[in-house]
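**Student:** quick one, what's the 3D model for this:
(one chain, ligands or ions: 2)
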Amino acid sequence: MIRVNDLHKRYGKTEALRGVSFALGPGITGLLGPNGAGKTTLLRCMLGVIRPTAGDVDFADGMRVRQQEVGYLPQKYGLFKELTVRESLAYFGVLKGIPHSQIPDEVDECLRRVNMLDSRARRVGALSGGMIRRVGIASALLGGPCILVFDEPTAGLDPEERVRFKRLASELGKVHTVLLSTHIVEDIEAIASTVIVLNEGRVAASGALQDIAELARGKCYVAPQRAVNDYSEDYYIEKYLEIDGEPVARLLSAKYLDGFTPVEPTVEDGYLCATRGIA
Ligand SMILES: Nc1ncnc2c1ncn2[C@@H]1O[C@H](COP(=O)(O)OP(=O)(O)O)[C@@H](O)[C@H]1O
Ligand SMILES: [Mg+2]
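**Tutor:** Ligands and ions are numbered 1, 2, ... in the order given. Next up is the predicted model:
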């Protein structure tokens, strides 16, 4: 549906994108990468907000993306605190060029989809972080886009709001092509059909969630805490935990060392292998 061809983006001396290519299909695609990986730059190039230094983006119809076809939830966006939820959406509806007569119905429909219809008369300034994010998503839904692009939609949300957002994203993914950027594996676990791991401006890995987990096969171990060194260059310690009352370290290592017990890899393990160069 959308093909990204060898995108490069330079900001002065910073090479934010160094040749990114992939195809975006239906369902939810997770764009996963640490801060500074180039996620926001990539999304902005795809949406035509900024121009890439080289490379291009093809849409199925061969045309550049049209405003109505993509709903974009930027990483940072402002709302007017004095407006009500409904007024805010009507304002975005006008900006999107939706005919005035259709705006009230369309606004209510989008609010219903994010479960905010009951809060439509509330002032934006009085909403929680999760509700503000839902207003942003509702505005992205205005005009019936087939593609939704969410940039770090869970940033600043508390754990409960994160869970709710994930459920909403999963619902939206049944109807829309969703591209969701995040630095948190859990945000896309169990809901993404495809994952693109971006690191230092390049695609470090891509595939189904299970494919990402497989990158860490044979590299995941637990070892007694007393047997590991926090600063070792031979392995990467993910966390400390207790198993059967014994303090152990869960770690990623390219090679097996004495005292290591192999464990099943997770998506998080695969993501860490891809971004930390554990090969
Ligand atoms: N407008 C800009 N001017 C200069 N450098 C930028 C600009 N936007 C992003 N960068 C740099 O480009 C790199 C990628 O940033 P960004 O796309 O925001 O990554 P992410 O969204 O994955 O955190 C970073 O090194 C960042 O500092
Ligand atoms: Mg970003």
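**Student:** any idea how far the residue nearest the centre of the chain is from residue 134?
**Tutor:** By C-alpha atoms, centre = their mean, the mean C-alpha position of the chain lies nearest to residue 181, the distance being 2.0 Å. Distance, residue 181 to residue 134, by C-beta to C-beta, to the nearest Å: 18 Å. Every C-beta, even on glycine, is put in place using the N, C-alpha and C of the backbone.
**Student:** now stretch 47-63: buried residues?
**Tutor:** Buried positions in stretch 47-63, judged by neighbour count with 16 or more other C-beta atoms under 10 Å: 47, 52, 55, 57, 59.
**Student:** for those residues, which one is nearest ligand 2?
**Tutor:** In terms of C-beta to the ion, no member of the buried residues of stretch 47-63 lies closer to ligand 2 than residue 47, at 13.3 Å.
**Student:** without its sequence neighbours, what residue ends up closest to that closest one?
**Tutor:** Residue nearest to residue 47 in three dimensions, not counting chain neighbours: residue 72, with 5.7 Å by C-beta to C-beta, 6 or more residues apart in numbering.
**Student:** so that neighbour bridges to which residues?
**Tutor:** Beta-bridge partners of residue 72, counted by DSSP bridges, are residue 149.
**Student:** OK, contacts around the residue nearest to residue 208 when sequence neighbours are not counted?
**Tutor:** Closest residue in space to residue 208, ignoring its immediate chain neighbours: residue 194 at 6.4 Å, by C-beta to C-beta, 6+ apart. Taking C-beta atoms under 8 Å, 6 or more residues apart in numbering as the criterion, residue 194 is in contact with 25, 27-30, 206-208.
**Student:** and for residue 140, the neighbour number?
**Tutor:** Using other C-beta atoms under 10 Å, residue 140 has 25 other residues around it.
**Student:** contacting residues for it?
**Tutor:** Residue 140 neighbours (C-beta under 8 Å, 6+ apart): 71-73, 148-150.
**Student:** ok, back up a step: show me what whichever strand or helix holds the residue nearest to the centre of the chain is packed against.
**Tutor:** Residue 181 belongs to strand 177-182 when assigned by DSSP states H and E. Strand 177-182 is packed against strand 28-32, helix 39-46, strand 147-151, helix 159-175, with contacts defined by 3 or more C-beta pairs under 8 Å, 6 or more residues apart in numbering; DSSP states H and E.
**Student:** could you dump those to a markdown table with mean pLDDT?
**Tutor:** Shown next, in a markdown table, are the helices and strands packed on strand 177-182 (pLDDT from 0 to 100):
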| stretch | mean pLDDT |
| --- | --- |
| strand 28-32 | 98 |
| helix 39-46 | 96 |
| strand 147-151 | 95 |
| helix 159-175 | 93 |
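**Student:** pick the most deeply packed of those.
**Tutor:** Highest mean neighbour count among those (mean count of other C-beta atoms under 10 Å): strand 28-32, with a mean of 27.
**Student:** ok, and what's touching that one?
**Tutor:** 39, 42-43, 169-170, 173, 177-183, 185, 187-188, 191-198, 271.
**Student:** re earlier: the residue nearest to the centre of the chain contacts residue 38, correct?
**Tutor:** No. The pair residue 181 / residue 38 is not scored as a contact, 10.0 Å apart, by C-beta atoms under 8 Å.
**Student:** rewinding a little: any idea which helix or strand comes after the strand holding residue 181?
**Tutor:** The helix or strand immediately downstream of strand 177-182 is strand 194-199, counting by DSSP H and E.
**Student:** from residue 184, how far out is the residue in the stretch 1-150 of the chain that ligand 2 sits nearest to?
**Tutor:** Residue nearest to ligand 2 within the stretch 1-150 of the chain: residue 40 (3.2 Å; C-beta to the ion). Going from residue 40 to residue 184 by C-beta to C-beta gives 15 Å.
**Student:** which bits of this protein sit near ligand 2?
**Tutor:** Residues of the chain found near ligand 2 (C-beta under 5 Å from the ion) are 39-40, 75.
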